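J.: Test case, fold it:
(2 chains)
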Amino acid sequence: MKIVFAGTPNFACIPLEAVLEAGYEVVAVLTRPDRPQGRKGILTPSPVKETALLHEIPVLQPEKLKTDFSALKEAGADLMITCAYGQILTQEVLDLFPLGVWNIHASLLPAYRGAAPIARALIDGCRETGVTIMKTERGLDTGDILLSKGTPIYDSDDCGTLEDRLSRLGADLIVEALPLIERGPSLQKQGEGFVCKKVERTEVDFSRPSRAVSCLIRGLSPAPFAYARIADTVLNFWFAEEADCEEDVPAGTVVSASPKEGLVVKCGTGAVRITELQPAGGRRMSARDFLNGRKLKEGMKFDIPRSI
RNA sequence: CGCGGGGUAGAGCAGCCAGGUAGCUCGUCGGGCUCAUAACCCGGAGGUCGCAAGUUCGAAUCUUGCCCCCGCAA
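T.: Numbers count the residues shown, from 1 in each chain, chains lettered A, B, ... in the order given. Below is the predicted model:
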């Protein structure tokens, strides 16, 4: 069975390697074109491309798949696996594969269809999410479901750790799914679901409840980050946990700023303890290290963004 | 030429503008106090001040060039 693997970000790398390790013949990898990255605008290949090159698999990266899929056709694969590829597939492309196109999606469909299911589930405070293998159709993640598996979301998770776990889960599931697909699987239709939007860099609104703040921070870490302003500077937050707070002070007030107690900020209800952060121009550091520089004192107040 | 911050002890920072003894918080090591401690007190070790050249009697500090790290924006 010849397979094309379509994917772009890190999330797709482990599934790709799993498919290879399981002994399948991946005849080509489809990924988005190299993009300029960082301050210097260096042209950077996608993580999936790097993985493909490592395994000496031909890489296809059309700017517009919609009009430029001749190379994909020539690959002559029986089946395509998609995993966060990043371009919409047309019916013409879907029809290229006798055994169909199958998607690895990082949510328990039909919840969290779309762009940023992992971050969104975390931000929304979900206690569980998962991975779904389903048939890729023209609709946005609406195809019939073949397999799915859940995993708990812990308070110790951020988007990075959760993505990593889901990526491994997706790898296991796709390896489990391929034999089923060859045999002609039975599928389950999706129920009523919803689409989630891409995540953006977001200013923390400390007037919200502590859990909402903590989930936002963790959901946007390690990118694109929840941030806040204080004392004429911007802090990116890498990690936060909920904390107790008896004090009756306005939301956004720094309740504790000692290396021992950590950086505790009052929220609308409760408080959060920022444990990992990054000042503008600086490296990521523990709150302890940050506070050792004595930049913050108790009683100072974070800006609260205007109502959204 | 997109905008900007930074490189000083193991960590996080101050000192630089107005050149002249290497400072703070923490960690670490040793000692003390204590029933005890992550608490408190005393003491110690630990630094090519990113690199190079220049100015100067004297440079972390001023000048020039270079290297590296990072935030925003794309």
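J.: Write out the residues of the stretch 1-150 of chain A neighbouring RNA strand B.
T.: Counting by C-beta under 7 Å from any atom of the strand, the stretch 1-150 of chain A comes close to RNA strand B at A:36, A:37, A:38, A:39, A:41. Bear in mind the C-beta positions are built from the backbone N, C-alpha and C, glycine included.
J.: so what's the first one up against?
T.: This points to residue A:36. Neighbouring residues of residue A:36 by C-beta atoms under 8 Å, 6 or more residues apart in numbering: A:42, A:43, A:44.
J.: can you tell me how far the first one sits from residue A:35?
T.: By that I understand residue A:42. Per C-beta to C-beta, to the nearest Å, residue A:42 is found 10 Å from residue A:35.
J.: Give me the secondary structure label for the residue lying closest to residue A:88 once chain neighbours are set aside.
T.: Leaving out its chain neighbours, the residue that sits closest to residue A:88 by C-beta to C-beta, 6 or more residues apart in numbering is residue A:66, at 7.4 Å. Of the three states, residue A:66 takes coil under DSSP: H, G, I helix; E, B strand; the rest coil.
J.: where's residue A:66 relative to residue A:138, distance?
T.: Taking C-beta to C-beta as the measure, residue A:66 falls 12 Å from residue A:138.
J.: Overlap in contacts, these two.
T.: With contacts defined as C-beta under 8 Å, 6+ apart, the residues shared by residue A:66 and residue A:138 are residue A:90.
J.: Let's see the pLDDT reported for residue A:308.
T.: The pLDDT attached to residue A:308 in the predicted structure is 50.
J.: Could you measure from the residue lying closest to residue A:221 once chain neighbours are set aside over to residue A:306?
T.: When the adjacent residues along the chain are set aside, residue A:221 lies closest to residue A:158, with 4.4 Å between them (C-beta to C-beta, 6+ apart). Residue A:158 sits at a distance of 27 Å from residue A:306 (criterion: C-beta to C-beta).
J.: pLDDT below threshold where in chain A?
T.: A:307-308 (pLDDT under 70).
J.: quick one, longest strand in it?
T.: For chain A, the strand that runs over the most residues, judged by DSSP state E, is strand A:233-243.
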